[in-house]
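[1] Have a look at this fold, sequence not included:
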């Protein structure tokens, strides 16, 4: 047994309590995984399988959901379909078996791209602004610093949707409705408060001596910031970036209200898939599955920083 | 290398006065230790010389040039921090070369100078190691390397040995002094450890509550403390004070403590009736049964080569450093003899020493 003790566990926990803790964690993980697993399974089901009752656990997997997600289709007579040559792709074949032909690409991919641009764009802006602001609050004597920080935090206390109507009217006046720029600015504004607070904590932990050493060594404060502070704040920046990204990626309410076409993101688009030719649950599930992938990859890559971000304040060196 | 001249330096943090009216000169190539307890203003003084804090009042000259309001990077000084401030994202070589990079020195020359510096400090074998894995002593050497690679006008060090364990500390004290002897760089060294200051410094400034109590060589500070504070702060155990009330005339050669006349160096000033203290170092006390100055042995501490014997004198304990082979019983009455030549006299009201033939007040500046 190691003799290392932390502030939380002075005594090494017993084997039984460890087992109990482990089972609770596993049960909780399974419960949270079920909806995700259900969606992934549904995305590979055929439409009849997806609505059968009792739900099918074992089924013949098909790519129909994914085909329907990425294409628009029109119904044709069997004669017409027979007159076409050999099917050009798996999707073509699946579509024809339903007495339909592919008419063109659906809007899913452009909406997904919008999501990428808006989420990453706003995250980049919020984290950049937040880093500078946090550095300022951390290192300089700012008049009313405490009040300013509280004001920044207070922007998070009201549910964002409460200001949806004024923002909608403002955006219409400014020509920002349904533009990627408008959405980036909006998400940046919401995220910047979180970014400032999280990053201030991380930067507070970096001793001032590092910048002071660099400034004595002949660098300007700006150079010292970029060469010495920033490299040490990467963990904090990564953790903050994930939180901002998850918010911007998942945001639904503003997206529904402020985007409808050119700048529409994936979250408001996915439910509209249901309407196209009956209740196409596999296509909806496929859209959701693909939508989850980027955030999943990001989170797995940066899980250590994320954990540090969540336990922020509780674990200090 | 350059001389550092501080004139009437003052620093106020809100209502708190961190440094008050300090003036001193560190001559070219000299090693000055700023010594005092925490919160005495020694680090603030150092940071003002570095340009990390701006003084409220006063002037700072580096090599004759007024740098009071210059930015840190324009002063051409090197600073060694207490926690070393080694950049964790760079290896040893990059850390040492970092100041040269700022000056736009060519890559080949940076390489050569970093290697030369590393050889001087005997860390050339760890140049490509990450700084996070280094032992305390090596971190210290890398921090020093980063300071000396630039050949700055002066070195400022803020308790650089504070975090090292005792064994390393002794080693580094020797290394630092040897390094100073070799490169003769003007150095200001902040510490709360009198042994470090005594062992390394050419001059010591003892600070308390933002005021420089005394500025002088280690010998002057130890043998002729200017104030009771310095006498009490320096030395382990510190100087003993025998308090008495008297008025004295210039030319007096003895004082009366507890009815016992004690001869001492000639007093050079007149003193009105008031509380005085006779100061004597533990090593200037010996035991002599014939002496009329008597007390009861309270206890003794064995130190190997000598022992510290505490004697109850009625007005408090007096500690004497005597050879370890003498034996005492607790409670035994002993006679104390004071080394007449080494006695100091203090005015308890002002806390300052009284001028005597032994101690002529030295003004620095």
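    Yep, that arrived. Just so it is clear, the structure is predicted and the values come from calculations on it, not from any experiment.
[2] Backbone dihedrals for residue B:290, please?
    With angles defined as degrees, to the nearest 10, residue B:290 sits at phi -80, psi -10.
[3] can you tell me which residues contact it?
    Contact partners of residue B:290, counting by Cβ atoms under 8 Å, 6 or more residues apart in numbering or on different chains, are residue B:335. C-beta: built from backbone N, CA, C; applies to glycine.
[4] and if you look at the one 5 residues further on?
    Taking Cβ under 8 Å, 6+ apart, we find residue B:295 in contact with B:311, B:312, B:313, B:314, B:318, B:333, B:334, B:336.
[5] Select only the buried ones of the residues you listed in PyMOL?
    Buried members of those can be picked out in PyMOL with the line below, counting by 16 or more other Cβ atoms under 10 Å in any protein chain shown:
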select buried, chain B and resi 311+313+318+334+336
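[6] How about the contacts made by the closest residue to chain B within the stretch 101-250 of chain A?
    Proximity to chain B, evaluated over the stretch 101-250 of chain A using Cβ to the nearest Cβ, is greatest for residue A:218 at 3.3 Å. Contacts here follow Cβ under 8 Å, 6+ apart; on that basis residue A:218 touches B:73, B:99, B:102, B:103, B:150.
[7] what do you get for residue B:103?
    Taking Cβ under 8 Å, 6+ apart, we find residue B:103 in contact with A:218, B:150.
[8] count of neighbours near the residue nearest to the residue of the stretch 101-250 of chain A closest to chain B when sequence neighbours are not counted?
    Nearest residue to residue A:218, sequence neighbours excluded (Cβ to Cβ, 6 or more residues apart in numbering or on different chains): residue B:102, at 3.3 Å. Counted by other Cβ atoms under 10 Å in any protein chain shown, the residues lying close to residue B:102 total 20.
[9] secondary structure element for the residue of the stretch 101-250 of chain A closest to chain B?
    Residue A:218 is part of no helix or strand when elements are defined by DSSP states H and E.
[10] Per-residue pLDDT of it, please?
    We have a pLDDT of 90 for residue A:218.
[11] how close does it get to residue B:141?
    Counting by Cβ to Cβ, to the nearest Å, the separation of residue A:218 from residue B:141 is 21 Å.
[12] what residue ranges in the chain score low on pLDDT?
    Using chain A here. Applying pLDDT under 70 to chain A picks out residues A:1-10, A:275-277, A:308-317.
[13] meant chain B actually
    B:1, B:359-365.
[14] where does it come near chain A, residue by residue?
    Applying the criterion Cβ under 8 Å from any Cβ of the partner chain, the portion of chain B that neighbours chain A consists of B:50-52, B:71-73, B:75, B:77-79, B:81-83, B:85, B:87-89, B:98-99, B:102-103, B:146, B:150.
[15] repeat that with 10 Å
    Applying the criterion Cβ under 10 Å from any Cβ of the partner chain, the portion of chain B that neighbours chain A consists of B:47, B:50-52, B:71-90, B:95, B:98-104, B:143, B:146-147, B:149-150, B:152, B:156, B:158.
[16] In chain B, mark out all the helices, start to finish.
    In chain B, the segments counted as helices under DSSP state H are B:42-50, B:92-102, B:107-120, B:136-148, B:166-183, B:194-200, B:218-223, B:228-233.
[17] what's the answer for the stretch 151-300 of chain A, then?
    Chain-ordered helices for the stretch 151-300 of chain A, with DSSP state H, counting those that start in this stretch as the definition, fall at A:164-174, A:180-204, A:209-216, A:221-224, A:230-232, A:234-250, A:253-258, A:266-269, A:281-301.
[18] Just tell me which of those helices ends up closest to residue B:18.
    For the helices of the stretch 151-300 of chain A, distance to residue B:18 was read as Cβ to Cβ. The smallest value, 17.2 Å, belongs to helix A:209-216.
[19] how far does that closest one sit from the chain's center?
    Going by Cα atoms, centre = their mean, to the nearest Å, the spacing between the C-alpha centre of helix A:209-216 and its chain's C-alpha centre is 37 Å.
[20] likewise stretch B:86-104?
    Computed by Cα atoms, centre = their mean, the chain-centroid distance of stretch B:86-104 equals 31 Å.
[21] do the same with stretch A:90-98
    Relative to its parent chain, stretch A:90-98 has a centroid offset of 33 Å by Cα atoms, centre = their mean.
[22] same check, this time on stretch B:290-297
    With Cα atoms, centre = their mean as the basis, the distance from the averaged C-alpha position of stretch B:290-297 to the chain average is 34 Å.
[23] Ok, stretch B:136-151 next?
    Relative to the mean C-alpha coordinate of its chain, stretch B:136-151 is positioned 22 Å out (Cα atoms, centre = their mean).
[24] ditto for stretch A:279-294
    Its chain's average C-alpha position is 15 Å from that of stretch A:279-294, according to Cα atoms, centre = their mean.
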